[in-house]
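[1] Below is the sequence, then the predicted model.
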Amino acid sequence: MKTVFYGVLLGVTAVSGFAADEGIFSYRVGRFEIFMLVENQGQGRSSLLIGADARDIERYVPGGTYQSATNTFLIRTGEKNILVDTGFGGAVFNHLKTLGVEAAQIDAVLLTHLHGDHIGGLQKGGKPLFPRATVYLAQEEREFWAGSANAAAALAPYGDKVVTFRPGALGADIPELLPGITAIAAFGHTPGHTLYLVQSGGEGLLIWGDLIHVQGIQFPLPGVSVTYDTDPAAAAAIRTKVLEYAAGNHIPIGGMHLVYPAIGTVSPQGNGYRLTPAGR
Ligand SMILES: [Zn+2]
């Protein structure tokens, strides 16, 4: 019922025509169609948590294990096909096929950051797997990984079609990167970690990359970080700010490591927050 309530409140229509086990969730933002694509799912262990004591773990991550996922997002604006991250480069290609979108029809790839589970689908054997795409990423992120062979190998096949930009501050009036899309700085997980706010027809979706890895504990306790965070304290600070922003402004969110449907609304609960998954 809560999902329906929020849907009505926000005028957001969830239009999934797919079963959960297909790993695709479709969602409408104004005239944009957005598809959350599951790359893989599995089990994670609480040993990656930073800043949680044994009691917190027992309460929010019972047994010390949690359901983990990796996702990508496809945005179909009507004019352009835009992919946000590429996962490991596995299931994303099957999902695109299911949706009738060829890799050569992807116009842009927006990267949240340069970890392997986000850039793994960019290239194979030095050939770009999205041959017509322009790749966008934060200047800060590109600079941080300047010495990384993996990052260089992922980006090199796109040559001068790699575009860097400086993401804006959360809540600021930010010029659009592409029509309907703005890039927001959420540095901490990595030094150039970027969120993409997608807006159309008065509706929005904040695709937040790796802001949260373990949803069972990081919504109620946003101060908890993970070992993957380059700067755990900065990651916790921006996580708290973004949760407050999403809840306060009623902006639905989508995440690369949230479990299916990986899109939902954030609301305050106790000293933290909770996620209400989008209707299916
Ligand atoms: Zn990740």
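    Everything's here; your move.
[2] rest of the way, CA atoms for contacts and neighbours
    OK.
[3] Give me the below-cutoff pLDDT ranges for the stretch 1-150 of the chain.
    Scanning the stretch 1-150 of the chain for pLDDT under 70 picks out 1-17.
[4] again, only this time at 80
    Scanning the stretch 1-150 of the chain for pLDDT under 80 picks out the ranges 1-21.
[5] The stretch 151-280 of the chain too?
    If you take pLDDT under 80 as the line, the stretch 151-280 of the chain has these spans: 280.
[6] my guess is residue 28 contacts residue 74, does it?
    No - counting by CA atoms under 8 Å, residue 28 does not reach residue 74; the two are 11.5 Å apart.
[7] So for the two, which sits in the more crowded spot?
    Between residue 28 and residue 74, residue 74 has the larger neighbour count (other CA atoms under 10 Å), namely 23 against 20.
[8] Now do the contacts for that one.
    34-37, 81-84 (CA atoms under 8 Å, 6 or more residues apart in numbering).
[9] just to revisit the earlier point, list the residues that contact both of residue 28 and residue 74?
    residue 34.
[10] can you give me the helices for the chain?
    2-10, 54-60, 91-98, 116-119, 139-144, 149-155, 215-218, 232-248 (DSSP state H).
[11] So what's the residue count around the residue lying closest to residue 34 once chain neighbours are set aside?
    Of all residues not flanking residue 34 in the chain, residue 75 sits nearest, at 4.5 Å (CA to CA, 6 or more residues apart in numbering). Neighbours of residue 75 under the rule other CA under 10 Å: 22.
[12] correct me, but residue 75 touches residue 29?
    No - Residue 75 is beyond contact range of residue 29, at 9.5 Å (criterion: CA under 8 Å).
[13] ok now the strand ranked longest in the chain, how far from the chain's centre?
    When the chain is parsed with DSSP state E, its longest strand is strand 32-45. Centre-to-centre, strand 32-45 and its host chain are 9 Å apart (CA atoms, centre = their mean, to the nearest Å).
[14] Partner strands of it and their direction?
    Strand 32-45 pairs in its sheet with strand 24-29 (antiparallel), strand 65-76 (antiparallel), by DSSP bridges.
[15] got the angle between that strand and helix 91-98?
    Interaxial angle of strand 32-45 relative to helix 91-98 (axes from the mean of the first three to the mean of the last three CA atoms, to 10 degrees): 150 degrees.
[16] in strand 32-45, what's buried?
    For strand 32-45, burial by neighbour count (16 or more other CA atoms under 10 Å) applies to 32-41.
[17] do stretch 228-237 as well
    229, 231-237.
[18] before we move on, what about stretch 102-118?
    For stretch 102-118, by 16+ other CA under 10 Å, it's 103, 105-115, 117-118.
[19] repeat for stretch 214-232
    214-226, 229, 231-232.
[20] now could you export just the CA positions of stretch 75-89 as CSV?
    C-alpha atoms of stretch 75-89 as CSV (Å, rounded to 0.1, in the frame of the first residue of the first chain):
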residue,chain,number,x,y,z
ILE,A,75,17.5,5.4,-20.0
ARG,A,76,15.4,5.8,-23.1
THR,A,77,14.6,9.4,-23.6
GLY,A,78,12.9,9.0,-27.0
GLU,A,79,15.9,10.5,-28.7
LYS,A,80,18.7,8.8,-27.0
ASN,A,81,19.6,5.5,-25.4
ILE,A,82,21.8,6.2,-22.4
LEU,A,83,23.4,3.5,-20.2
VAL,A,84,24.5,4.3,-16.7
ASP,A,85,27.4,2.0,-15.9
THR,A,86,28.0,-1.3,-17.6
GLY,A,87,28.3,-3.8,-14.8
PHE,A,88,30.8,-6.6,-15.5
GLY,A,89,29.8,-6.8,-19.1
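[21] which of the helices of the chain is buried the deepest?
    helix 215-218 (a mean of 22; mean count of other CA atoms under 10 Å).
[22] Residues contacting that helix, please?
    For helix 215-218, contacts defined as CA under 8 Å, 6+ apart pick out 56-57, 60-61, 66, 212, 224-225, 258.
[23] can we see that at 7 Å?
    60-61, 212, 224, 258 (CA atoms under 7 Å, 6 or more residues apart in numbering).
[24] rewinding a little: nearest to residue 158, of the buried residues of stretch 214-232?
    residue 229 (27.1 Å; CA to CA).
[25] who's in contact with the closest one?
    With CA under 7 Å, 6+ apart, residue 229 has these contacts: 188-190, 235.
[26] Check the residues you listed and tell me the two furthest apart.
    Among these, 190 and 235 lie farthest apart (CA to CA), at 8.3 Å.
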